[in-house]
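Novice: Pasting the sequence and the predicted coordinates here, then a few questions.
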Amino acid sequence: MVATRKLSWIWTLVLAGAVLFAIPAAAQDEAEPAAAEEAPPVEEAPPMDDPAAGEADTAGMGGEEELGEALPSLSDEEFVAETLDPLGFVLDMFQQGGWAMWPLLFSSVVALAVILERFWTLSRARVNVRKLMGQIVGALKEHGVDGAIEVCQRTRGPIAAILHAGLMRARKGPEAVEKAIESAGTIEMSFLQRGLIVLASVANVAPLIGFLGTVSGMIRAFNDIAAAEQVSAKIVAAGISEALITTAAGLLIAIPTQISNNFFISRIDRFVLEMEEASVELVDTLVDIEAHRGA
């Protein structure tokens, strides 16, 4: 169990590092093809004494409709190409967002890694409690405590772990079983809740980083206005764009992180309820078996 938990966090760190280094690499790969593009060849003008030149000019002047129809088709193709390239759009927004996008990127990678790790861990911890308790009670009645311990050892998850801890103290009486279950439950709860503080921190800090980037962008815009002789929209566009992008990025990170955190908390609460019900049923079963033996 301990080795599995260590491996899960190792894979979490590997995933976070891979995503963190993949985005700058993608930005560099995106910039290289753009820099490598060559300008389209320029057609040479026909000689002045060429009789076909006059016809071409006349056709060009008279065929404005065909030229007008061709230009929108090119712009449409460019628009479709940009629309179908979400990675390029994201990288462009990342570059326009300024310095605040780097801590936001780091927080988003950490949150994503923790979300995937917690989802995998909690999915593996889920078990059919009714079926498990039926097997444990049947093993207690047929094979005694040793048979029930074997059932718990074959089952993974926090519920089987706390029941195993209680069965290990079954020969010392119901009070020892309750104390063992309580101690094991505390340990399992700390394992289930591990990483949730990270998600809560990201959900709270990401909007603040975005707002800090907003303030930085507005300061930049006003500095550009103060330094310019004539005020125009182009002067403040970069600063305002930076301000809006960082705010949106912070909210886009915080909202799914908070939703994931609430989802995991609800799953953990369900685990706690199932652990309490299973522990009470186990103690009652042990008490009944002891009572029948005494009778």
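Specialist: Looks like it arrived, so ask away.

Novice: Next, count neighbours for residue 272.
Specialist: For residue 272, the neighbour count with other CB atoms under 10 Å is 15. C-betas here are computed from N, CA, C, even on glycine.

Novice: That one reaches residue 189, doesn't it?
Specialist: Yes: using CB atoms under 8 Å, residue 272 is in contact with residue 189, at 6.9 Å.

Novice: Quick one: list the elements packing against the helix ranked longest in the chain.
Specialist: With residue count as the measure and DSSP state H as the assignment, the chain has helix 233-294 as its longest helix. With contacts defined as 3 or more CB pairs under 8 Å, 6 or more residues apart in numbering; DSSP states H and E, helix 233-294 has these neighbours: helix 86-97, helix 101-125, helix 129-154, helix 158-168, helix 174-192, helix 196-227.

Novice: Adding mean neighbour count, write the ones you listed out as JSON lines.
Specialist: Supplementary listing: the helices and strands packed on helix 233-294 in JSON lines, determined by neighbours: other CB atoms under 10 Å:
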{"stretch": "helix 86-97", "mean neighbour count": "15"}
{"stretch": "helix 101-125", "mean neighbour count": "19"}
{"stretch": "helix 129-154", "mean neighbour count": "16"}
{"stretch": "helix 158-168", "mean neighbour count": "23"}
{"stretch": "helix 174-192", "mean neighbour count": "16"}
{"stretch": "helix 196-227", "mean neighbour count": "17"}
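
Novice: Redo these as TSV? Include mean pLDDT.
Specialist: Formatted as TSV, the entries for these read as follows, by pLDDT from 0 to 100:
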stretch	mean pLDDT
helix 86-97	75
helix 101-125	92
helix 129-154	88
helix 158-168	90
helix 174-192	89
helix 196-227	88
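
Novice: Could you dump those into JSON lines with distance to residue 281 added?
Specialist: Supplementary listing: the helices and strands packed on helix 233-294 in JSON lines, determined by distance: least, CB to CB, whole Å:
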{"stretch": "helix 86-97", "distance to residue 281": "52"}
{"stretch": "helix 101-125", "distance to residue 281": "19"}
{"stretch": "helix 129-154", "distance to residue 281": "6"}
{"stretch": "helix 158-168", "distance to residue 281": "9"}
{"stretch": "helix 174-192", "distance to residue 281": "11"}
{"stretch": "helix 196-227", "distance to residue 281": "28"}
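
Novice: Which one, of those helices, ends up nearest to residue 262?
Specialist: Set against residue 262 and scored by CB to CB, the helices and strands packed on helix 233-294 come closest in helix 196-227, at 9.4 Å.

Novice: helices or strands up against the closest one?
Specialist: Contact partners of helix 196-227 among helices and strands, from 3+ CB pairs under 8 Å, 6+ apart: helix 101-125, helix 233-294.

Novice: so it versus helix 86-97, what angle?
Specialist: Counting by axes from the mean of the first three to the mean of the last three CA atoms, to 10 degrees, helix 196-227 points 60 degrees away from the direction of helix 86-97.
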